[in-house]
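A.B. asks: Have a look at this prediction, sequence included:
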Amino acid sequence: MRLTQELQASNYGLTYEQIRDRLGEKGHRPTLRTVQRMIETLRIDMEVDVKECVLDGDHHLLKRFRIDNLPSAVLTLDKSDTAEIKRHIATLPDGLLSQALTKVVAGAAPLSGGLKATLDELIERTAHTATMEPRSIISKTQMSLLETSIERRREIKFKYRSQTAKKASVRAVRPLGLLYGRFGYLCAATASRGAAIYRLDLLEDVQATNTPFEPNPHFNFKSWASESFGIYHGDELIKVKLRFSKAVASRAAKITFHSSQQMTQRSNGELTLTWKCRGHREMIWQLLHPDFVGEVEIEEPSTLKDEYREYLELAKAAIF
């Protein structure tokens, strides 16, 4: 794949030595024989039209290779390509190079939305794939703005009305990352407050600013997210212990509920799972899954038991 892209990008073709230089990593270059085998593989196995060309002034024994019509799918930027280019743009002064690279990524799908868009396209083209879960709709423009602000470390402003608030308020925050569960969430901080989450579908009038910020050096988004259960993140690190009945133990054993979980298979066929996390609201939703209702017991913590009871009491309103 890398070789085909290099040959397509070259206007005058690449020599064997130039190909070895382009494909070399960490001081190690592929051998001449390896490059020759790669070119033959492209021609014979992949049926790619690799052309030989010469330039005026080249030695008559010097060979150059190029590709003119590489399939567009091979040249499409993936998420990692787009992220790397955007990070590089953030380090450049305003100028022709910055503008050119911005044009390159302008047509690319948002980093977090690219995979979803691909799935949606697949669903449209096939009759055997479908999405079943409810989902919120987030505009591509808003998602692109959020991701760019996260990567370039620029503050953003938006109107936000939480589910319990009577009216929306204007927030100015430092975006740190994106989380996905039942809904999509923005993780952001302010100068005086640590990380908090905002539902993406409740953000209104999102605006980028030119105000730069430096993230807290003691904050690691990946570690912070890994301590949450789902998207909820409390202040206290709690230990959770659940016991699944023999009837559902095999199904529960195939699920990773949390990255820190430890599994113990009991002699009576039951399964015990333990893990540590901050926040357990979303855990209740998992325990109420049809596979596990009546087949799982909360052994600890007591706070999870109490919140589970309160949740069930509130849920009764749906049938009265």
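C.D. replies: Arrived safely, thanks for sending.
A.B. asks: Torsion angles phi and psi at residue 208?
C.D. replies: Main-chain torsions, residue 208, degrees, to the nearest 10: phi -80, psi 150.
A.B. asks: What is the neighbour count of it?
C.D. replies: Neighbour count of residue 208, defined by other CB atoms under 10 Å: 15. The C-beta positions use only the backbone N, C-alpha and C, and glycine is treated the same way.
A.B. asks: so which strand or helix has residue 251?
C.D. replies: Element membership for residue 251 (DSSP states H and E) is helix 249-252.
A.B. asks: cool, residue 239 as well?
C.D. replies: Using DSSP H and E, residue 239 maps to strand 237-244.
A.B. asks: Show me which positions of that strand end up buried.
C.D. replies: 238, 240, 241, 242, 243, 244 (16 or more other CB atoms under 10 Å).
A.B. asks: Please identify which pair of the residues you listed lies farthest apart.
C.D. replies: Spatial extent of the buried residues of strand 237-244 (CB to CB) is set by the pair 238 and 244 at 19.1 Å.
A.B. asks: Just name the closest of the buried residues of strand 237-244 to residue 268, please.
C.D. replies: residue 243 (10.5 Å).
A.B. asks: isn't that closest one right up against residue 300?
C.D. replies: No: using CB atoms under 8 Å, residue 243 makes no contact with residue 300, being 10.3 Å away.
A.B. asks: by contact count, what packs against the lengthiest strand in the chain?
C.D. replies: Counting by DSSP state E, the longest strand found in the chain is strand 169-180. If contacts are counted by 3 or more CB pairs under 8 Å, 6 or more residues apart in numbering; DSSP states H and E, strand 169-180 sits against helix 140-152, strand 154-160, strand 184-189, strand 196-199, helix 221-227.
A.B. asks: which other residues reach the second one?
C.D. replies: Pointing back at strand 154-160 there. Strand 154-160 is contacted from outside by 145-146, 148-149, 168-175, 188, 198, 202-213, using CB atoms under 8 Å, 6 or more residues apart in numbering.
A.B. asks: Show me what that strand pairs with in its sheet, parallel or antiparallel.
C.D. replies: Here strand 154-160 is paired, per DSSP bridges, with strand 169-180 (antiparallel), strand 203-212 (antiparallel).
A.B. asks: now the last one: mean pLDDT?
C.D. replies: The reference is to strand 203-212. Regarding strand 203-212, the rounded mean pLDDT is 90.
A.B. asks: Okay, buried residues for it please.
C.D. replies: Applying 16+ other CB under 10 Å to strand 203-212 flags 203, 206 as buried.
A.B. asks: The longest one now?
C.D. replies: In terms of neighbour count (16+ other CB under 10 Å), strand 169-180 has its buried residues at 173, 174, 175, 176, 177, 178, 179.
A.B. asks: What helix or strand is residue 315 located in?
C.D. replies: helix 302-315.
A.B. asks: Give me the residues contacting that helix.
C.D. replies: With CB under 8 Å, 6+ apart as the test, helix 302-315 has contacts from 238, 240, 280, 281, 283, 284, 287, 298.
A.B. asks: repeat that with 6 Å
C.D. replies: With CB atoms under 6 Å, 6 or more residues apart in numbering as the test, helix 302-315 has contacts from 280, 284, 298.
A.B. asks: Now do the helix or strand the last one falls within and helix 302-315, the angle between them.
C.D. replies: I take that to be residue 298. According to DSSP H and E, residue 298 maps onto strand 296-300. Counting by axes from the mean of the first three to the mean of the last three CA atoms, to 10 degrees, strand 296-300 lies at 130 degrees to helix 302-315.
A.B. asks: Would you mind putting the CA coordinates of strand 296-300 into CSV?
C.D. replies: Extracted C-alpha coordinates of strand 296-300, given in CSV (Å, rounded to 0.1, in the frame of the first residue of the first chain):
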residue,chain,number,x,y,z
VAL,A,296,-27.3,-11.1,38.7
GLU,A,297,-26.8,-10.0,42.3
ILE,A,298,-25.0,-6.9,43.4
GLU,A,299,-22.6,-7.9,46.2
GLU,A,300,-21.0,-4.5,46.6
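A.B. asks: Against residue 3, how distant is the closest residue to residue 24 other than its chain neighbours?
C.D. replies: Closest residue to residue 24 apart from its sequence neighbours, by CB to CB, 6 or more residues apart in numbering: residue 30 at 7.1 Å. Note on residue 30: its distance to residue 3, by CB to CB, to the nearest Å, is 10 Å.
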